[in-house]
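K.L.:
Could you look at this predicted model? Sequence included:
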There are 2 protein chains.
Amino acid sequence: MCQLLGMNSLKPANLSFSLEGFLRRGGETDEHIDGWGLAYYEDCRCQLLIDEAAAARSAMARWVQQQHPERSRNIIAHIRKATRGAVRASNCHPFVRHFWGKEWAFAHNGTVAQDKLPRPQHFEPVGETDSELAFCLILDALQARFGDTQPALADLWVCLQSITAEIAAQGVFNFVLSDGEVLFAHRSTFLHYVERAYPFGSAHLLDCPIGIDFAQHNHLDDRMVIIATQPLTDEVWYPLPVGEVVVFSGGRRYDGSQGADLRLAI
Amino acid sequence: MCQLLGMNSLKPANLSFSLEGFLRRGGETDEHIDGWGLAYYEDCRCQLLIDEAAAARSAMARWVQQQHPERSRNIIAHIRKATRGAVRASNCHPFVRHFWGKEWAFAHNGTVAQDKLPRPQHFEPVGETDSELAFCLILDALQARFGDTQPALADLWVCLQSITAEIAAQGVFNFVLSDGEVLFAHRSTFLHYVERAYPFGSAHLLDCPIGIDFAQHNHLDDRMVIIATQPLTDEVWYPLPVGEVVVFSGGRRYDGSQGADLRLAI
């Protein structure tokens, strides 16, 4: 299996505190040693870093942590324990595709029965994983439903829910997906989220003795959501509802009441 | 304007010597300070690194040079001096798209008249540059001609030549393009290449006092081609023919005699 990490923030933010704990699960505090990857957005461009080395021992991971600000509104990270496909770069998550003039990033935890899924018509996998196949099927479904025209978020959400249910029926399908603006998440088994907003508290990582006082590092109007397979800190993390595609936008959970015609504009 | 660097190698190789000189042109020995990017292939997966900082002062560039082996058979790098589009990540080359189950990387030097080019039908630009638009038009033309079926290299070459001529008629269109297996290059104004094979000699960079004895770093059967806007070393560099798409495969210039049915299989 694998572990997932996602962030959706109202303003560009730094994920390094959460990432510090998360990457240790890639060979230090947990067994996810078969590669890792990180996708973050700089304006509308998705920067994807993938490495087949264990995250806890990866030179790329050390560099990301030490040097790189990753000031982004949406971030997806993944540490891999191979269940389908060899340990190599082409099988590392996240996967990225261009669609509707944007870059879409996707990472998956779980296994879906590849032989029970249809072949995608338009978006093609490069590697061997069930995960990349599922991502291609999601984009295929969106294209089949909406063509080249980007729909309102509410309509997109309904279509995502439908294709996700079809794929999730064939196995375990926890995922995070982003177009650089909004972050979608789906839980089959394990996926949690925490909201950070004013008044900011403090937190300690569960994987190493590091703490942070968020009030020192945030403005009053900052707001973000962190999604992870298993909680990363001693804050209150909520499990996502099983079998439902959840939308995070502007650093909080989106429930449709913020306007059904909200478009996914950057 | 910008500068281009490309490598096509028979076996996975390290570009760090050439890259050392090249990246200095991004703000130290030349004026290309508006971002830089590097695309290299690990098995069939394209790793793309982009940074809007000047290459000569980029933390990402230092890390790539110091830490990262970049053992790859095809590499494309670019340093940018903005002529079209703002200085931001979405306008940094190389650009990458998925097509025929592969990842295609492209970088451009020059300017083509965006308003005289058609809108692409299928592949859509994310940023504002004429370069990404031209790349999308190339892939559009390949898809219109061959659909979802990858043709023989000889047929692909003919189609590339034709769409390239159309775009090059609207400006200056020096580019390097790769699918991870083969590297294509086109010169409108400036583009040179050097071949390195047995018997290996030595070379000195033109941008800094660093030399190398390739015989110490290569096996007898290693073979590679380096493509650059302007020569990087004191070796013999050949200018590419103007207005012709040149193919590099297996670390040497491909002239069609190696088999017209050579397919672009990874």
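P.N.:
Thanks, I have the structure now. Residues are numbered from 1 along each chain as shown, chains lettered A, B, ... in the order given.
K.L.:
Would you check that A:E181 makes contact with A:N74?
P.N.:
Yes: under the criterion of C-beta atoms under 8 Å, A:E181 makes contact with A:N74 at 7.1 Å. Every C-beta, even on glycine, is put in place using the N, C-alpha and C of the backbone.
K.L.:
Between those two, which is the more surrounded one?
P.N.:
A:N74 (24 against 19; other C-beta atoms under 10 Å in any protein chain shown).
K.L.:
What residues does that one make contact with?
P.N.:
Shown in contact with A:N74 (C-beta atoms under 8 Å, 6 or more residues apart in numbering or on different chains): A:G6, A:M7, A:N8, A:S9, A:Y40, A:Y41, A:A105, A:S178, A:G180, A:E181, A:V182, A:L183.
K.L.:
Count the residues that sit near the closest residue in space to it that isn't next to it in sequence.
P.N.:
Counting by C-beta to C-beta, 6 or more residues apart in numbering or on different chains, A:N74 lies nearest to A:S178, which is 4.5 Å off, once chain neighbours are set aside. Residues lying near A:S178 (other C-beta under 10 Å) number 28.
K.L.:
Hmm, A:S178 is touching A:A105, no?
P.N.:
Yes: using C-beta under 8 Å, A:S178 makes contact with A:A105 at a distance of 5.3 Å.
K.L.:
ok so, going back, distance-wise, check the residue nearest to A:N74 relative to A:F135.
P.N.:
In this view, A:S178 and A:F135 are 12 Å apart by C-beta to C-beta, to the nearest Å.
K.L.:
anything in contact with each of those two?
P.N.:
Here A:S178 and A:F135 have A:F106 as joint contacts, going by C-beta under 8 Å, 6+ apart.
K.L.:
Flag every residue of the stretch 1-150 of chain A that's near chain B.
P.N.:
Residues of the stretch 1-150 of chain A lying near chain B by C-beta under 8 Å from any C-beta of the partner chain: A:42-45, A:47-50, A:52, A:59-60, A:63, A:67-68, A:88-90, A:92, A:97-98, A:100-103, A:123-127.
K.L.:
Quick check: PyMOL command selecting the buried ones in those.
P.N.:
Per 16 or more other C-beta atoms under 10 Å in any protein chain shown, the buried members of the residues of the stretch 1-150 of chain A next to chain B correspond to this PyMOL selection:
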select buried, chain A and resi 42+43+44+45+47+48+49+50+52+60+63+68+88+89+90+92+97+98+100+102+103+123+124+125+126+127
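K.L.:
So for A:I266, what's the pLDDT?
P.N.:
On the pLDDT scale, A:I266 is placed at 33.
K.L.:
which residues touch A:A107?
P.N.:
Per C-beta under 8 Å, 6+ apart, neighbours of A:A107: A:2, A:4, A:6, A:37, A:39, A:76-78, A:93-95, A:131, A:175-176.
K.L.:
A:D34 too?
P.N.:
Residues near A:D34 by C-beta under 8 Å, 6+ apart: A:E52, A:A54, A:R80, A:K81, A:A82, A:V87.
K.L.:
Please repeat the previous calculation with a cut-off of 10 Å.
P.N.:
Applying C-beta atoms under 10 Å, 6 or more residues apart in numbering or on different chains, we find A:D34 in contact with A:2, A:26-27, A:52-55, A:79-83, A:85-88, A:91-92.
K.L.:
What of A:Q3?
P.N.:
Shown in contact with A:Q3 (C-beta under 10 Å, 6+ apart): A:22, A:25-26, A:30, A:32, A:36, A:55, A:77-81, A:107, A:109, A:174, A:190, A:228-230, A:232.
K.L.:
Where strands are concerned, which of these count?
P.N.:
Using DSSP state E, the members of the contacts of A:Q3 that fall in strands are A:W36, A:A77, A:H78, A:I79, A:R80, A:A107, A:N109, A:N174, A:A228.
K.L.:
What separation do you get for the fifth one and A:A86?
P.N.:
In other words, A:R80. For A:R80, the distance to A:A86 equals 11 Å [C-beta to C-beta].
K.L.:
list residues touching both of these two?
P.N.:
Here A:R80 and A:A86 have A:D34, A:E52, A:T129 as joint contacts, going by C-beta under 10 Å, 6+ apart.
K.L.:
Closest one of these to chain B?
P.N.:
Distance to chain B, by C-beta to the nearest C-beta, is smallest for A:E52 among these, at 7.5 Å.
K.L.:
circling back: residues shared between the contacts of A:E181 and A:N74?
P.N.:
Contact criterion C-beta under 10 Å, 6+ apart; residues shared by A:E181 and A:N74: A:N8, A:Y41, A:S249.
K.L.:
what about stretch A:191-209, how long is it end to end?
P.N.:
End-to-end distance for stretch A:191-209, by C-alpha to C-alpha, to the nearest Å: 23 Å.
K.L.:
Same question for that stretch: list its buried residues.
P.N.:
The neighbour-count check on stretch A:191-209 (16+ other C-beta under 10 Å) flags A:L191, A:H192, A:Y193, A:V194, A:E195, A:R196, A:A197, A:F200, A:A203, A:L205, A:D207 as buried.
K.L.:
Hmm, which of those residues is lowest in pLDDT?
P.N.:
Within the buried residues of stretch A:191-209, pLDDT is lowest for A:D207, at 87.
K.L.:
any low-confidence regions in chain A?
P.N.:
A:1, A:67-70, A:257-266 (pLDDT under 70).
K.L.:
Longest strand in it, please.
P.N.:
The residue-count maximum for a strand in chain A (DSSP E) belongs to strand A:2-13.
K.L.:
Among the shared contacts of A:R80 and A:A86, name the ones in helices.
P.N.:
With DSSP state H as the criterion, helices contain none of the shared contacts of A:R80 and A:A86.
K.L.:
Would you mind giving those residues as CSV with distance to A:L117 added?
P.N.:
As requested, those are arranged in CSV below (distance: C-beta to C-beta, whole Å):
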residue, distance to A:L117
A:D34, 22
A:E52, 25
A:T129, 12
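K.L.:
Tell me the one among the contacts of A:A107 nearest to B:E166.
P.N.:
Top of the list for closeness to B:E166, among the contacts of A:A107 and by C-beta to C-beta, is A:F95 at 32.5 Å.
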